[in-house]
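1. got a predicted structure here, sequence first:
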Amino acid sequence: MFDSLTDKLTGVFSRLTNRGRLTDKDVDEALREVRLALLEADVNLRVARELVDRVRGRALDAQVLQSLSPGQQVVKVIYEELTAILGQGHQGLTPSPQAPSVILLMGLQGSGKTTTAAKLALYLRRQGLRPLLVAADLRRPAAIEQLATLGKQLDIPVYQEGTDSTAVQVATHGLERARTLGSTWAIVDTGGRLHIDDDLMQELEQVKAATSPSESLLVVDAMTGQDAVRAAQEFHQRIGLTGLILSKLDGDARGGAALSIAHVTGVPVKFVGTGERPEALEPFHPDRMASRILGMGDVATLVERAQQEMDEKQAKELERKMRRATFDMEDFLKQLQQLRRMGPLSQVLEMIPGLSSVARKLPADAMDERRIKKVEAIILSMTPQERRHPDMLNGSRRRRICRGSGTTPQEVNQLLNQFKQTQKLMQQMASGKGLRGLGGLLR
């Protein structure tokens with residue numbers, strides 16, 4: 001979502017850091033470009049002006065301009081001020097003193113609220129908690145069916161009554177069911193509504209009064225621009241929000257509203273949706289988001305994702321194979337599947353410092369999930385012995401693999417060549433040679 005903004009900001013930073021000495025004029029010109037980039041990304045005018053003014057006040061300090069690396073010092077100031085604009089540290093969910101704690105989800109129509117409810121339930125279950133989904137969106141019959149389907153897929157209980165009841169009754173009865181089941185959290189999915197619809201806003205107030213939620217979260221579509229900021233302000237005034245969830249952060253809109261919303265409303269962003277998969281919901285960390293926007297990567301989130309998909313035993317076994325140069329196609333397949341579960345390849349690359357710019361320069365089809373599925377199909381068409389010893393793949397074996405995977409000989413040969421490059425890269429990484437040769441592999 002922030003690709004255009006990141007490209008422009010990294011261009012400004014590159015010019016700053018390449019200069020051994022900075023003048024007041026250099027800083028002013030750079031901040032003028034930063035301000036223009038923020039406004040083009042649809043960042044709120046007041047927020048963009050305040051950010052630039054605060055950076056200017058610190059960047060023009062004599063100690064910064066006369067330091068050994070003034071350009072890097074200015075970039076550091078921009079990072080710190082952008083982090084402050086995005087929020088003051090990560091703020092998680094606050095449980096109530098007695099279980100079950102209630103999360104009241106609300107939002108505009110089409111904001112991705114029902115899907116977010118299921119993602120949030122999965123996130124809580126991964127934390128060792130017991131969530132219950134409550135289908136209180138009665139104005140859209142498909143919402144109840146959608147939530148029930150998602151709950152069944154994720155093996156999370158869903159309470160529903162159909163459309164003949166009222167939202168207040170469903171929420172109240174759902175809370176009673178949560179107590180019966182021993183659930184630690186009840187997530188109430190309410191119907192989408194406009195903040196200017198007084199009747200629907202009153203209904204939401206009644207649901208809140210009946211359930212006494214410890215968290216009142218507004219799901220905001222990050223692609224809706226400044227309208228999202230205005231809606232969040234209205235919901236906060238009427239309902240009293242405790243947090244925001246930004247959905248569709250993987251979209252291709254300018255995304256500036258996502259940078260403005262916490263600062264303008266005074267309500268913290270608690271989670272962000274980064275894709276359509278049920279696992280694609282992340283706790284929001286202002287410092288990590290600022291690092292991504294400025295093209296500095298996000299190693300912390302990358303490590304957390306990797307830890308979810310690989311245990312310590314697997315990691316040690318992989319390290320042993322890398323050091324002994326016994327990394328085979330079976331290991332390659334496992335790593336590929338784990339990488340897919342971590343999210344789209346473009347997102348993963350952008351979290352690695354120094355590779356975010358490389359990821360954006362790659363051809364669009366290089367990040368196509370269908371290509372990864374083809375690779376999986378090719379490897380799965382091999383016998384276990386062929387996966388362990390790919391050098392034995394002669395012409396007849398390769399033709400058999402093509403027929404089994406529905407691919408061409410060129411695609412099979414390309415994969416085998418890439419695997420050999422991967423083996424070399426693994427050996428380099430294990431020997432401490434770092435990322436040398438990684439650019440060739442990506443190409």
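-> Nice, thanks for sending it over. Numbering: from 1, shown residues only.
2. residue contacts, Ala48?
-> 35, 38-39 (CB atoms under 8 Å, 6 or more residues apart in numbering). Where you see a C-beta, it was placed from the backbone N, CA and C, and this is true even at glycine.
3. is Val219 within a helix or a strand, and which one?
-> strand 215-221 (DSSP states H and E).
4. if you average the pLDDT over that strand, what comes out?
-> Averaging pLDDT along strand 215-221 gives 90.
5. which other residues reach the next helix or strand after that strand?
-> Proceeding N to C from strand 215-221, the next assigned helix or strand is helix 226-238, under DSSP H and E. Helix 226-238 has contacts (CB under 8 Å, 6+ apart) with 42, 44, 106, 108, 194-196, 201, 204-205, 218, 220-222, 224, 241, 244, 256-257, 260-261, 264-267.
6. measure stretch 236-249 end to end?
-> 21 Å (CA to CA, to the nearest Å).
7. mind listing what's buried in that stretch?
-> Using 16 or more other CB atoms under 10 Å as the burial criterion, the residues of stretch 236-249 that qualify are 236, 239, 241-249.
8. narrow those to those in helices?
-> His236 (DSSP state H).
9. tell me the one of the buried residues of stretch 236-249 nearest Arg19?
-> Leu249 (33.8 Å; CB to CB).
10. what about the closest one, distance to Arg54?
-> According to CB to CB, to the nearest Å, Leu249 and Arg54 sit 25 Å apart.
11. again with Lys25
-> From Lys25 to Arg54 the distance is 19 Å (CB to CB).
12. okay, the two: which has more neighbours?
-> Arg54 (17 against 8; other CB atoms under 10 Å).
13. show the pLDDT at the more buried one.
-> So, for Arg54, pLDDT stands at 87.
14. name the element it belongs to?
-> With DSSP H and E as the criterion, Arg54 is inside helix 45-59.
15. quick one: buried residues of that helix?
-> 47-48, 51-52, 54-56, 58-59.
16. was I right to think Gln385 contacts Met392?
-> Yes. With contacts counted by CB atoms under 8 Å, Gln385 reaches Met392, the gap being 7.4 Å.
17. neighbour count winner among those two?
-> Met392 (11 against 8).
18. how close does the nearest residue to the more buried one once chain neighbours are set aside sit to Leu336?
-> With CB to CB, 6 or more residues apart in numbering as the criterion, Met392 has its nearest non-adjacent residue at 6.3 Å, and that residue is Glu386. Per CB to CB, Glu386 is found 16 Å from Leu336.
19. the more surrounded of these two?
-> Taking other CB under 10 Å, Glu386 and Leu336 do not tie; Glu386 has more neighbours (20 against 16).
20. neighbours of Arg370, how many?
-> With other CB under 10 Å as criterion, Arg370 counts 8.
21. the one 4 residues further on too?
-> Burial of Lys374 is recorded as 18 neighbouring residues (other CB under 10 Å).
22. now Pro384
-> 10.
23. pLDDT wise, what is the residue lying farthest from the centre of the chain at?
-> Largest separation from the mean C-alpha position in the chain: Ser396, at 43.8 Å (CA atoms, centre = their mean). Ser396 is assigned 90 on the pLDDT scale.
24. next: the one 3 residues further on.
-> Note for Arg399: predicted pLDDT of 90.
25. ok, now the one 3 residues further on?
-> Model confidence at Cys402, given as pLDDT, is 91.
26. please apply the same query to Gly437.
-> Confidence score, pLDDT, at Gly437: 47.
27. which residues are in contact with Gly256?
-> 5, 38-39, 41-44, 225-226.
28. make a ChimeraX selection of the buried ones in those.
-> Here is the ChimeraX selection string for the buried members of the contacts of Gly256, based on 16+ other CB under 10 Å:
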select :5,38,41,42,43,44,225,226
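29. closest to Ala121 among the contacts of Gly256?
-> Gly225 (28.7 Å).
30. can you classify the residue nearest to Met392 by secondary structure?
-> helix (DSSP: H, G, I helix; E, B strand; the rest coil).
31. then Gln98?
-> coil.
32. and for it, the neighbour number?
-> For Gln98, using other CB under 10 Å, the count is 7.
33. do you know how far it is from Ser212?
-> For Gln98 relative to Ser212 (CB to CB), the value is 10 Å.
34. per-residue confidence at the nearest residue to Gln72 once chain neighbours are set aside?
-> Spatially, and ignoring its direct neighbours in sequence, Gln72 is nearest to Thr17 (5.6 Å; CB to CB, 6+ apart). With respect to pLDDT, Thr17 scores 75.
35. now do Thr17 against Glu81, distance only.
-> Counting by CB to CB - Thr17 and Glu81 are separated by 17 Å.
36. look at the two and report which has more neighbours.
-> The neighbour count for Thr17 versus Glu81, taken as other CB under 10 Å, is higher for Glu81 (21 against 16).
37. quick one: the strands in this structure?
-> 101-107, 131-136, 158-159, 185-190, 215-221, 243-247, 269-273, 281-283 (DSSP state E).
38. turn the ones you listed into CSV, including distance to Arg403.
-> CSV is the format used below for these (distance: least, CB to CB, whole Å):
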stretch, distance to Arg403
strand 101-107, 49
strand 131-136, 45
strand 158-159, 44
strand 185-190, 47
strand 215-221, 45
strand 243-247, 42
strand 269-273, 40
strand 281-283, 40
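39. now render the buried residues of helix 45-59 as TSV, adding distance to Leu9.
-> Output for the buried residues of helix 45-59, formatted as TSV (distance: CB to CB, whole Å):
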residue	distance to Leu9
Val47	15
Ala48	12
Leu51	12
Val52	12
Arg54	16
Val55	12
Arg56	16
Arg58	17
Ala59	14
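40. ok, and the closest non-adjacent residue to Gly192?
-> Nearest to Gly192 is Gln109, by CB to CB, 6+ apart, at 3.5 Å.
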